Structures are given as C-alpha cells and as structure tokens.
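Asker: Build me a model:
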Amino acid sequence: SNDIKEYVLQRAGGTCELTGLPAPFENSQGEPFLEVHHIKKLSDGGLDHPANCAAITPNAHREIHYGSNGRKLDERLAELILSKEVELERVKG
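Answerer: Residues are numbered from 1 along each chain as shown. Below you'll find the predicted structure:
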C-alpha cells in the first residue's frame, strides 16, 4: 500500500536499510531514491506491513532478487528491519 511505502521510505531516511549507503540519486521531486522491497514476497504469503518491507538501493534490490547471495541478504535484511521496528516501538513506548 502507499501508506506502507511512505512509512518505510521515511523510516529509512534516505539510507539503504541493507547496506547503510545513501540513496544513489534523487527522484524528480528531489527526494532520495530507494526502492521498497518485500522481504517475504506477497505471493509467498508475506504481509504488506512495515516489518516485512525495507527501503533499499536499486543495486541491493537486484542483488536480492537475482544474486547468488539473495536469500542470505534477505535473511540479514529481515533481522535488521525487525531490530529497527523493535527500537522504534521502544522509543514510542
């Protein structure tokens, strides 16, 4: 959903949630360009939920989908996002 996408992009703050690198360029609105990735695909039963989505660079996105280490990267990304969401909930407290 658009709400999830906007939340995830805001949570990332212009930084790839997998690599920690800044977005590679700005979009036509002058915002950092990152792609939103579902860690567990919707077609595989994944949820359209912030804990299942991450904002990542286009290169990281392609590597997850087509690279030999894609599964490992997705597993690492899941850990990073879970940790981030737990911390955000703690801060909201």
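
Asker: Which helix runs longest in this protein?
Answerer: helix 70-92 (DSSP state H).

Asker: Show me what counts as buried in that helix.
Answerer: Neighbour-count burial for helix 70-92 flags 73-74, 77, 81, 84 (criterion: 16 or more other CB atoms under 10 Å). Placement of C-beta: from N, CA and C, glycine included.

Asker: Residues contacting it, please?
Answerer: Here helix 70-92 makes contact (CB atoms under 8 Å, 6 or more residues apart in numbering) with 11, 17-18, 37, 39-40, 50-54, 56, 60, 63-64, 67.

Asker: quick one, phi psi at the residue nearest the centre of the chain?
Answerer: Most central in the chain under CA atoms, centre = their mean is A54, positioned 1.2 Å from the mean C-alpha point. With angles defined as degrees, to the nearest 10, A54 sits at phi -140, psi 150.

Asker: Give the full set of residues in contact with it.
Answerer: The contact partners of A54, taken as CB under 8 Å, 6+ apart, are 8, 12, 17-18, 36-37, 39, 77, 80-81.
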